[in-house]
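Visitor: Here is the input, now give the coordinates:
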Amino acid sequence: MHLTRSIINNSIDTAKLVIEHFNVKLPDFYNWSPEQWERAGEEYNEIRDCMLGWDVTDFNSKDFYNIGRVLFTLRNGRKGKTGYPKEYAEKLLIDPEIQRAPAHFHLSKREDLICRAGGNILVQVTKADEEGRHSTERFTIQVDGCTVKMEPGSIIRLKPGMSVCIPPRTIHQFWGEEGTGYKIDGVGYTISNEISSVCDDWSDNVFLVDYAQRFPEIEEDEARKYYLCHEYPVACSSV
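Guide: Next comes the predicted model:
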């Protein structure tokens, strides 16, 4: 199934229920309607240019409920664009049981993944070799500041409050552990944070599957309820 506007609308509605259940507070634009964005002036350009806000994707998998992601970017810089000097980023992620992104690594981004509330997060990690494939070498990784020896493909279980630091060129996937999390319609949901160096979703991601596309085309099967972070309209003129 293609990623549809109805899937995006429903997924953000569900994400908001999870966020509100755990009493997480987000900036006002978290709730903005399309009409509010269409009236917003240039003073909101950092949100537009640094791609803050809602992000829903199936990575072109056409299998959103298994290979997909719903997140909200709170802060970010913008490499190569004047006026955005931040060297860090923060994202809030909604982690349903099983759903994950395709296996991937980053060329430069270093990220801490933090399990915040709900159930457990499972994180599978492997070093990338020089050709960008799964390496067979053992390696170490930091879990809550503790150096842990890892075998290729090992899975780390993060309980709420725990974190892992994922260095560049470390292949990773993560998902909510089945049987844990806050239940909505029989599915367990967990909330995590990603704290990282600047996130460049256009050029820093290396996926290990041919189909992967960070921002796939959307089938418009119903009216938009939310603008995604790469869809914002041009700023309304203040003149």
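
Visitor: Return the distance of stretch 194-210 from the chain's centre.
Guide: 10 Å (CA atoms, centre = their mean, to the nearest Å).

Visitor: Kindly apply the preceding question to stretch 200-212 instead.
Guide: 13 Å.

Visitor: Show residues contacting that stretch.
Guide: Stretch 200-212 is contacted from outside by 51, 59-61, 79, 102-109, 128, 132-134, 171, 214-215, using CB atoms under 8 Å, 6 or more residues apart in numbering. In short, each C-beta sits where N, CA and C put it, glycine included.

Visitor: Same check on stretch 215-234?
Guide: Here stretch 215-234 makes contact (CB under 8 Å, 6+ apart) with 2-6, 8-9, 12-13, 32-34, 37-38, 47-48, 51-60, 73, 201.

Visitor: and that stretch, which residues are buried?
Guide: 215-216, 218, 226-229, 231-232 (16 or more other CB atoms under 10 Å).

Visitor: Tell me if I'm right that residue 132 and residue 105 touch.
Guide: Yes. Taking CB atoms under 8 Å as the definition, residue 132 is a contact partner of residue 105 at 7.5 Å.

Visitor: Name the residue in these two with the higher neighbour count.
Guide: residue 105 (22 against 14; other CB atoms under 10 Å).

Visitor: which of the buried residues of stretch 215-234 sit farthest apart?
Guide: 216 and 232 (17.6 Å; CB to CB).

Visitor: Which residue ranges of this structure form strands?
Guide: For the chain, the strands defined by DSSP state E occupy 53-57, 69-75, 88-96, 104-106, 111-117, 121-127, 139-143, 146-150, 154-158, 163-166, 170-176, 182-184, 187-197, 205-207.

Visitor: now, among the buried residues of stretch 215-234, which is nearest to residue 23?
Guide: Lowest distance from residue 23 to the buried residues of stretch 215-234 (CB to CB) belongs to residue 226, with 21.2 Å.
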